[in-house]
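Asker: no FASTA, just this:
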Ligand SMILES: [Fe+2]
């Protein structure tokens, strides 16, 4: 084995993604959607030569090990073709191996191993992982259990010397008879928005507009580590057309009431699972991943109520993050290397090629003009003070779904009309979708009920009641916000921007939302960001050292 192994991790299911662990301390990751511009784009044959290799030059380096992650879909049937593609596309070293890791174990390696913890309880909850017969971790299923059963929740005790699976909830995969928290939230989402993928965040945003008691729906039935879905819920899901989302009137109220009941049932059941895992492990730290860990409201509750003293949710807790889990599994479990990489920032995209920015700025489409201000931050602050909505494109892209300052849209949170403007004129999305705040870490407690750093925008917390009127752009209807605390080490440009904004306005808070247009994923390249400026109501784009504006 070389001194500096290169391990490639590939997630071949939803939110297809690739990761490269460079030695024991370097990490790169890229989701397929960022290249193809199709949200949640699934992994498929051809991704490596056609998508990832052109976007990530690092993949041309000699590779020691490839770890693939498959889930419950049919892609694993193409295993031989995938392996041929790997051998043709990568420079595999002579003794390089290709191995697989089952789905929940890849989620776990994306959560515990990059966490700051030496030991922790591990929790993975999503709506369907690998079948029992493909598990790559020691696990004894119940007597007589079919090898086709799918993992929907997994519970672990984790130390730096190894992980132990304590329990799993398994499900037969029949959606007419669902089980588990991930399935529950998926069906809740489908009842409100039957079309498309990834609408779970809308449900979470809609819930505070409803009354959780209005429909008389019960709590979920939690038995130890298993979540069962009572008939009142499954019957409701079967007549899903009754609750389709509409932007106003009685249908809106009904949809919001369902979202509220579902969100509450989800939060309470998740809390019960956390209690079970805490009692079982006796540990006071939790690493939590799986698609359900994107639920910022539930994460906020988990952090506030305990029982865990500290909770680490990776910035990519969903399937997109499992490529990183695959790479770390390869490094640690296959090669036996103790990894030193920790998820301290989420700027894991390919290294930017500065010449690409120069080239993109040199061939701007009609209607846009670029300048290089002497003081770029002052120019950006002036635009924000003027009520303008400004994109910010810099450095390596975020690996996860949250824009954290490298592919962001920034605005003034004091303006009561800015949420509507961004939702309608930039994002082309529902009016109720909340926007998130950036806040200088040292001032966070003045404005938010927060007692710890929140660098990854993963949990909702209360905006202090006396600050809500001042911050209409980021205060959700229930008085919460999903904040990002900003420190100079990891995000120097954001810190400098907020500091200057604070000096000008007396307010250390700005709006931060993802840099994308309607129905699109986060931008990746300068061209994507310029196109977002050109085709949406965004007023300007800062792409250091350039400021790009519209001419009319
Ligand atoms: Fe998953």
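Answerer: Here it is on my side, so go on. On a predicted model such as this, the values are computed, not experimentally measured, just so you know.
Asker: so which residue of the stretch 1-150 of the chain comes closest to the ion?
Answerer: residue 126 (3.5 Å; C-beta to the ion). (Each C-beta comes from the backbone N, C-alpha and C, glycine too.)
Asker: roughly how far apart are residue 199 and the ion?
Answerer: 16 Å (C-beta to the ion, to the nearest Å).
Asker: and that residue, how many residues sit next to it?
Answerer: A count of neighbours around residue 199, defined by other C-beta atoms under 10 Å, yields 18.
Asker: hang on, the earlier thing: there's contact between the residue of the stretch 1-150 of the chain closest to the ion and residue 290 in this structure, I believe.
Answerer: Yes - at 3.7 Å, residue 126 and residue 290 qualify as touching, with contact defined as C-beta atoms under 8 Å.
Asker: Common neighbours of the two, please.
Answerer: 104, 107, 182, 318 (C-beta atoms under 8 Å, 6 or more residues apart in numbering).
Asker: Doesn't the second one lie inside a strand?
Answerer: No - read with DSSP: H, G, I helix; E, B strand; the rest coil, residue 107 is helix and lies in no strand.
Asker: before we move on, the earlier item: what is the neighbour count of the residue of the stretch 1-150 of the chain closest to the ion?
Answerer: 30.
Asker: before we move on, what about residue 421?
Answerer: Residue 421: 17 neighbours (other C-beta under 10 Å).
Asker: Could you verify my assumption that it touches residue 409?
Answerer: No - assessed by C-beta under 8 Å, residue 421 is found out of contact with residue 409, at 10.9 Å.
Asker: what residues do these two have in common as contacts?
Answerer: In contact with both residue 421 and residue 409: residue 389, using C-beta under 8 Å, 6+ apart.
Asker: So what touches stretch 221-241?
Answerer: By C-beta under 8 Å, 6+ apart, stretch 221-241 touches 153, 155, 167, 169, 176-181, 183-184, 187-188, 190-191, 194, 215, 217-218, 220, 242-243, 258, 265, 269, 272-273, 276-277, 280.
Asker: Give me the buried stretch members for it, please.
Answerer: 222, 225, 226, 227, 228, 229, 233, 234, 236, 237, 240 (16 or more other C-beta atoms under 10 Å).
Asker: The ion: which of those is nearest?
Answerer: Out of those, the member with the shortest distance to the ion (by C-beta to the ion) is residue 227, at 15.9 Å.
Asker: Identify the bridge partners of the closest one.
Answerer: residue 222 (DSSP bridges).
Asker: Report the separation between it and residue 104.
Answerer: 15 Å (C-beta to C-beta, to the nearest Å).
Asker: hmm, back to that, can I get the buried part of the contacts of stretch 221-241 as one ChimeraX selection?
Answerer: In ChimeraX syntax, the buried subset of the contacts of stretch 221-241 is picked out as below (16+ other C-beta under 10 Å):
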select :153,155,169,178,179,180,181,183,184,187,188,190,191,215,217,220,243,258,265,269,272,273,276,277
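Asker: Just to be sure, which of the contacts of stretch 221-241 are found in strands?
Answerer: Residues of those located in strands (DSSP state E): 153, 155, 167, 169.
Asker: With distance to residue 146 and pLDDT as added columns, please give those in a markdown table.
Answerer: Shown next, in a markdown table, are the ones in strands among the contacts of stretch 221-241 (distance: C-beta to C-beta, whole Å; pLDDT from 0 to 100):
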| residue | distance to residue 146 | pLDDT |
| --- | --- | --- |
| 153 | 18 | 98 |
| 155 | 21 | 98 |
| 167 | 18 | 97 |
| 169 | 15 | 97 |
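Asker: so which of those residues are also by the ion?
Answerer: Near the ion, judged by C-beta under 5 Å from the ion, there are no entries from these.
Asker: circling back: rebuild the shared contacts of residue 126 and residue 290 as TSV, extending it with neighbour count, distance to the ion and pLDDT.
Answerer: Below are the shared contacts of residue 126 and residue 290 laid out as TSV (neighbours: other C-beta atoms under 10 Å; distance: C-beta to the ion, whole Å; pLDDT from 0 to 100):
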residue	neighbour count	distance to the ion	pLDDT
104	32	7	98
107	35	6	98
182	25	8	96
318	26	7	96
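Asker: can you tell me which two in those are farthest apart?
Answerer: 104 and 318 (12.9 Å; C-beta to C-beta).
Asker: and for these two, which residues touch both?
Answerer: Counting by C-beta under 8 Å, 6+ apart, the residues touching both residue 104 and residue 318 are 126, 290.
Asker: Those residues of the stretch 51-200 of the chain touching the ion, which are they?
Answerer: So the stretch 51-200 of the chain meets the ion at residue 126 (C-beta under 5 Å from the ion).
Asker: for the stretch 51-200 of the chain, what spans make up the strands?
Answerer: 62-69, 91-101, 119-125, 150-159, 162-171 (DSSP state E, counting those that start in this stretch).
Asker: Just the mean pLDDT for the first one, thanks.
Answerer: The average of the pLDDT scores along strand 62-69 is 97.
Asker: Direction included, what does it pair against?
Answerer: According to DSSP bridges, strand 62-69 has the following sheet partners: strand 6-11 (parallel), strand 91-101 (parallel).
Asker: follow-up on the earlier one: how about CSV for the strands of the stretch 51-200 of the chain, with distance to residue 37 added?
Answerer: What follows is these, written out as CSV (distance: least, C-beta to C-beta, whole Å):
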stretch, distance to residue 37
strand 62-69, 23
strand 91-101, 28
strand 119-125, 29
strand 150-159, 30
strand 162-171, 33
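Asker: Comparing those strands, which stretch has the densest surroundings?
Answerer: strand 119-125 (a mean of 28; mean count of other C-beta atoms under 10 Å).
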